[in-house]
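Novice: structure for the following, please:
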Amino acid sequence: MTFAASLGFLLLAMQSAPQGSALEQFFIGRTEGSGTVQMIMSGRHGVRDRSTGRRDRSGALIIDQVVEEEGKPARRRAWRLVRSGATGVTGTISDARGPVTGELSGNVLRIRYVLTEGPSVEHTITLQPGGRTAISRMTFRRFGLRVATVDVTSRKLD
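Specialist: Numbering: from 1, shown residues only. So this is what the prediction gives:
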């Protein structure tokens, strides 16, 4: 299994976030993250990412991302995300099969999606006090069994 998700924490700023809120300001603009991938039977290795977020004319959050996973070529990912209802999140990710869905509660976002290569992803993102850092924890599952986890700390550059 290749690591296919590293900056889902960018999902927190959705269409209905108040203009100028800490969540929105974190994800719009440039961020970078680093962390570790822990794969069952394969061990641990590093991951880094760089992202740029903006809103399109419809209000959707668009994120362009470069992921650099140790021992693999860099790859690009594209996110398009919107709020659905008071706390819901929906959207697409270029390497996901089907939609991204989730719930936003205060400074915590929980999302779910399935990668094109098979595993399902459960992702929890927490914006830290001060609004300049986000902590992300992803759990990858195949056939209901945990096969990998990814922990990433991201910081706002702008």
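
Novice: what does the residue with the largest distance to the centre of the chain show for phi and psi?
Specialist: Among the residues of the chain, the one whose C-alpha is farthest from the average of all C-alpha positions is Met41, by CA atoms, centre = their mean at 24.4 Å. According to degrees, to the nearest 10, the main-chain angles of Met41 amount to phi 70, psi -10.

Novice: now Arg97
Specialist: Note on Arg97: backbone dihedrals following degrees, to the nearest 10 are phi -100, psi 110.

Novice: am I right that Ser136 is in contact with Thr124?
Specialist: Yes - contact between Ser136 and Thr124 holds when scored by CB atoms under 8 Å: they sit 7.4 Å apart. All C-beta atoms are positioned from the backbone trio N, CA, C, and that covers glycine.

Novice: and these two? Which one has more around it.
Specialist: Shown here are Ser136 and Thr124; by other CB atoms under 10 Å, Ser136 has more neighbours (24 against 16).

Novice: let's see the pLDDT reported for Arg57.
Specialist: On pLDDT, Arg57 comes in at 91.

Novice: Provide the secondary structure category for it.
Specialist: coil (DSSP: H, G, I helix; E, B strand; the rest coil).

Novice: and it, how far from Arg77?
Specialist: When CB to CB, to the nearest Å is the yardstick, Arg57 and Arg77 sit 22 Å from each other.

Novice: can you check Gly130 too?
Specialist: 27 Å.

Novice: more crowded one of these two?
Specialist: Between Gly130 and Arg77, counting by other CB under 10 Å, Arg77 is the more crowded of the two (21 against 8).

Novice: backbone dihedrals for the nearest residue to Leu127 once chain neighbours are set aside, please?
Specialist: For Leu127, ignoring the flanking residues on the chain, the nearest one in space by CB to CB, 6 or more residues apart in numbering is Asn107 at 4.2 Å. Note on Asn107: backbone dihedrals following degrees, to the nearest 10 are phi -100, psi 20.
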